[in-house]
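Kindly generate the corresponding structure for this input.
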Amino acid sequence: RRSREMRSPLRVRIGINLGLVFSGPVGDGTQAGVMGDAVNVAARLQQSAKPGDILVSDAVWRRVRDRYSGTHVGALSVKGREQRVEAFRIAGRKTPSTPRLTPFIGREQEIDILEARWRATRAGSPQIVSLRGEAGVGKSRLLAEFPPRTDGVDIRVQCTPERSFGAFRSVIEQALGHVPAGIDELATALEPLGLNLEDARWLSIVLGHSDSVSGTFPGESGAVQRVHAAVHRFLSRLSASGPALVVLNDVHSADASSLETLDRLMELLSDGPLMLLLTYRPEVEVGRAGFSATHTLVDIEPLARRETLALAQAFLGTRDLPKELALFVADRAVGNPFFIEQLLQTLLEAGAVVTKQEGALVKTLDIDIPDTVERTVLARLDRLPDPMRHLLECASVIGPFLSVALLGAVAGLDEGILSPLEDLVASQFLIAV
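Model (predicted):
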């Protein structure tokens with residue numbers, strides 16, 4: 001956009017694909033790069049694009065078509081690849097629309113816990129609630145089904161890693177209704193909460209003001225503690241006149257400064273009607289310094305088989321599921337709502353399943369696993385400790401059914417196999433029968 005003002009504006013051709021790539025040395029080995037089919041396809045898309053165009057593969061198009069408009073260009077041939085690639089030209093952004101939500105199934109107990117913790121908050125007892133679960137298991141959907149509080153302050157933040165103190169910057173912005181331009185404006189905005197200029201000086205670091213505490217940086221001795229204390233005072237004063245709910249969604253994606261502030265806040269939060277509601281994946285450890293408020297940990301488990309099939313029926317809009325489709329979904333999706341929806345969407349788009357009001361007609365179940373599901377599973381595998389990953393790799397070579405003795409022999413772990421094996425079962429990578 002900036003180049004449009006220049007004498008010779010840039011006319012860039014862009015090709016976008018997604019998939020698995022291999023990262024390693026290239027050429028003479030002195031440089032690093034990425035290789036693989038996904039890279040070759042992206043290069044072919046870029047070559048086929050006209051100046052100013054963005055061409056994407058069908059895998060990318062499926063991910064962005066709800067937010068962008070585009071046209072089908074056709075199938076492109078790629079050197080060294082038998083299968084042609086369907087290409088789409090991006091035209092522009094669509095007007096935001098409300099996403100389609102399937103019926104809420106199987107989380108009634110979790111909602112009851114959240115409502116109970118809010119009642120305790122209203123009674124004056126500070127609460128910290130952690131919703132912990134794997135990707136796609138329904139943490140964000142659970143938050144969506146926990147209605148905005150009409151009897152108190154309700155602040156909900158999506159955590160991202162882009163900027164220091166990002167999560168709490170968003171909390172302050174929502175609470176004040178804007179981001180004050182400097183310390184003086186911030187101090188004025190904080191006056192109704194009973195906070196002073198000193199609080200504004202330390203909170204200005206959270207907001208990223210260039211005129212924050214002169215010569216002081218969060219890394220200096222004592223500065224971090226003062227920032228944490230200022231955030232605690234801000235939230236305490238926010239809830240002084242009535243109950244307040246602060247939701248931090250996807251804490252695992254938060255920046256390091258926000259995570260450190262959160263840990264300290266959990267340690268300091270000891271009174272007042274404030275409920276801190278967190279969602280995160282199991283690899284994140286919160287509250288390492290301990291909790292002063294009542295802490296409730298809720299592990300979001302996969303859906304039971306009955307709930308899985310109910311969700312599948314609701315997604316397809318049918319009264320019944322063919323037996324082979326029910327078995328396929330239950331086996332492949334392992335109770336993960338995101339997996340269930342992605343699998344069924346892929347079947348519908350491929351024409352493998354046709355829906356009617358009275359039921360679904362299955363033409364074939366021989367399809368590739370959706371890339372969205374594959375990447376989620378691979379991300380989980382990447383996080384496994386080496387002993388668990390080695391054991392799982394050996395199990396995958398043996399086949400879908402195996403004995404502990406055989407697995408131990410193949411893995412070379414006759415002794416000490418039980419600990420990582422139990423961890424794999426607990427993580428639902430393996431199922432004990």
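
Just want the most central residue of this structure.
Against the mean C-alpha coordinate of the chain, by Cα atoms, centre = their mean, the closest residue is residue 250 at 5.7 Å.

Phi, psi for the closest residue to that one other than its chain neighbours please.
Leaving out its chain neighbours, the residue that sits closest to residue 250 by Cβ to Cβ, 6 or more residues apart in numbering is residue 159, at 4.9 Å. Yep, even glycine has a C-beta here, placed from its N, CA and C like the rest. Dihedral pair for residue 159: phi -80, psi 140, per degrees, to the nearest 10.

Then the one 3 residues further on?
Backbone dihedrals for residue 162, given as degrees, to the nearest 10, come out at phi -70, psi -40.

Any idea how many residues pack against it?
Neighbour count for residue 162, taken as other Cβ atoms under 10 Å: 7.

Ok, residue 412 next?
Residue 412: 9 neighbours (other Cβ under 10 Å).

swap in residue 234?
22.

what does residue 229 give?
15.

Could you check how far the residue nearest to the centre of the chain is from residue 88?
Between residue 250 and residue 88 the distance is 29 Å, computed by Cβ to Cβ, to the nearest Å.

If you count neighbours, what's buried in stretch 292-306?
292, 293, 295, 296, 298, 300, 302, 303 (16 or more other Cβ atoms under 10 Å).

Same question for stretch 422-430: list its buried residues.
423, 424, 429, 430.

from those, which has minimum pLDDT?
The lowest pLDDT within the buried residues of stretch 422-430 belongs to residue 429, with 76.

Output the strand or helix carrying residue 408 as CSV, nothing but the C-alphas.
Taking DSSP states H and E as the criterion, residue 408 maps to helix 404-411. Taking C-alpha atoms only, helix 404-411 is exported to CSV below (Å, rounded to 0.1, in the frame of the first residue of the first chain):
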residue,chain,number,x,y,z
VAL,A,404,3.1,-54.4,26.6
ALA,A,405,5.7,-57.2,26.3
LEU,A,406,6.0,-56.7,22.5
LEU,A,407,6.1,-53.0,22.8
GLY,A,408,8.9,-53.2,25.4
ALA,A,409,10.9,-55.6,23.3
VAL,A,410,10.7,-53.4,20.2
ALA,A,411,11.4,-50.2,22.1
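
Pull the residues that contact that helix.
390, 391, 394, 395, 397, 398, 414, 417, 418, 421 (Cβ atoms under 8 Å, 6 or more residues apart in numbering).

And stretch 363-382, end to end?
For stretch 363-382, the first-to-last residue distance is 35 Å (Cα to Cα, to the nearest Å).

one step back: any idea which of the buried residues of stretch 422-430 is the one closest to residue 20?
Nearest to residue 20 among the buried residues of stretch 422-430, counting by Cβ to Cβ, is residue 429 at 19.3 Å.

Against residue 187, how distant is that closest one?
Per Cβ to Cβ, residue 429 is found 53 Å from residue 187.

Just the ones of the buried residues of stretch 422-430 in strands?
Counting by DSSP state E, none of the members of the buried residues of stretch 422-430 fall within strands.

nearest to residue 367, of those residues?
Within the buried residues of stretch 422-430, distances to residue 367 taken as Cβ to Cβ reach their minimum at residue 429, with 22.4 Å.

Lovely, talk soon.
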